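# pasting the sequence and the predicted model now:
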Amino acid sequence: MRYQRWFTPWVLVIPALTWLLVFNLWPSINTVILSFTNAKPLGGGTFVGLKNFETLLHDEQLRWALLNSVIYMVVCLPFLTIIPLLLAVLVEKKLPGITFFRTAFYTPVVASAVVVALIWQWILDDRGLVNGLAEKLGVISGPLPFLSDQWLLLLSAISLTIWKGLGYYMIIYLAALGNVGRELHEAAAVDGANALRRFVHITIPGVRGTMILISILISVSALRVFSELFILSGGKGGPGGRDNSVVMLIQQYSQGFEGNLGYASALSIVLFFVTVVPMLVLARLNRRGAEA
């Protein structure tokens, strides 16, 4: 009986532990190993030391990708942190028909990212809905290059990400708002505080931890963006490849029989550290706020 009791927990843990080692830990270790080689997808390759990382320092495509990722994060962060909170406050109220609006806001979340991006590609095309409608109304004389101009393409992808993410973060805020005591709002209302002051001094402090969590999720997602830019640019990364993200570069360098897995692995390590930095900064801010 003692032997069976000692062995039983390991029987339950081993499947999950095996999955973790095979699909998480080993790929991470293998990526670090490959970053020091010139390995190809079909195998082979030799040790090249820090050559891949030296190449990174002079890679103009990487500089553009990092700039795009930072712009993506800086723009998405305030919009996807504040607007979902405002939506959550609105749809939290028990009003007739409010369920319809909750569903409408959340519908883009359950839709496939690829399908949504393809729809946006059709809408923003030179002959798409937006340009066609604007030309008929006389707002523009010619089509706007939403999908062929470097900055308009980036702005279109950012807009798609914001539109699709509003409902997801709204649901998270709705759960957090349930923990904000209504008696605090009632007491503040009795003291003469209007809705704006109650929002600033009660609601926001009450969901501060959730705001930090959402900020971390947004930052990581923005820095790892792929589907939106890939589909809207037709897989080409915009004019001259200047709308690539770091993930798109990894995909480009690693695909095909002659792909450079070593360099793609080095890019993956760069992406890892780039995503860790905002996580650490936001976690530190959260810790300081909790101590204060």
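It's in. Numbering: from 1, shown residues only.
# can you tell me which helix in this protein is longest?
helix 60-92 (DSSP state H).
# any idea which helix or strand comes after that helix?
helix 98-110 (DSSP states H and E).
# after that following helix comes which helix or strand?
With DSSP H and E, the next secondary element past helix 98-110 is helix 113-124.
# helices or strands up against that next one?
Applying 3 or more Cβ pairs under 8 Å, 6 or more residues apart in numbering; DSSP states H and E, one finds that helix 113-124 makes contact with helix 129-136, helix 150-177, helix 227-232. For glycine as for every other residue, the C-beta is placed from the backbone atoms N, C-alpha and C.
# please enumerate residues in contact with the shortest one?
By Cβ atoms under 8 Å, 6 or more residues apart in numbering, the list of residues contacting helix 227-232 from outside reads 68, 113-114, 117-118, 120-121, 124, 147, 153-154, 156-157, 160-161, 237-238, 243-245, 248, 251.
# quick check: which ranges of the stretch 151-292 of the chain have low pLDDT?
Residue ranges of the stretch 151-292 of the chain with pLDDT under 70: 289-292.
# run the last query once more with 80
Applying pLDDT under 80 to the stretch 151-292 of the chain flags the ranges 181, 185, 256-258, 283, 285-292.
# can you show me the strands along it?
Assigned strands in the stretch 151-292 of the chain: none (criterion: DSSP state E, counting those that start in this stretch).
# do you have the helices of it handy? List them.
Ranges of helices in the stretch 151-292 of the chain, per DSSP state H, counting those that start in this stretch, are 182-190, 195-198, 204-206, 208-223, 227-232, 246-254, 261-291.
# packing partners for the last one?
Under the contact criterion of 3+ Cβ pairs under 8 Å, 6+ apart, helix 261-291 touches helix 26-34, helix 51-57, helix 60-92, helix 208-223, helix 246-254.
# make CSV out of those helices and add mean neighbour count and distance to Trp19.
Listed next are those as CSV, based on neighbours: other Cβ atoms under 10 Å; distance: least, Cβ to Cβ, whole Å:
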stretch, mean neighbour count, distance to Trp19
helix 26-34, 14, 11
helix 51-57, 15, 30
helix 60-92, 18, 30
helix 208-223, 20, 22
helix 246-254, 21, 24
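# ok, Thr99 - how many residues close by?
11 (other Cβ atoms under 10 Å).
# what sits against the residue positioned nearest the centre of the chain?
By Cα atoms, centre = their mean, the mean C-alpha position of the chain lies nearest to Ser221, the distance being 1.7 Å. By Cβ under 8 Å, 6+ apart, the residues touching Ser221 are 76, 161, 165.
# tell me the one of those nearest Gly97?
Comparing the contacts of Ser221 against Gly97 with Cβ to Cβ places Gly165 closest, at 24.0 Å.
# for Val190, see how far away the closest one is.
Distance from Gly165 to Val190, counting by Cβ to Cβ, to the nearest Å: 37 Å.
# higher neighbour count, the two?
Gly165 (22 against 8).
# that older thread, may I see the helices and strands packed on helix 261-291 organised as TSV, with distance to Asn179 added?
What follows is the helices and strands packed on helix 261-291, written out as TSV (distance: least, Cβ to Cβ, whole Å):
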stretch	distance to Asn179
helix 26-34	35
helix 51-57	45
helix 60-92	12
helix 208-223	9
helix 246-254	35
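# so which of those helices is nearest Val277?
Among the helices and strands packed on helix 261-291, helix 208-223 comes nearest to Val277, with 9.0 Å by Cβ to Cβ.
# quick one, the closest one and helix 246-254 angle?
For helix 208-223 against helix 246-254, the angle by axes from the mean of the first three to the mean of the last three Cα atoms, to 10 degrees is 30 degrees.
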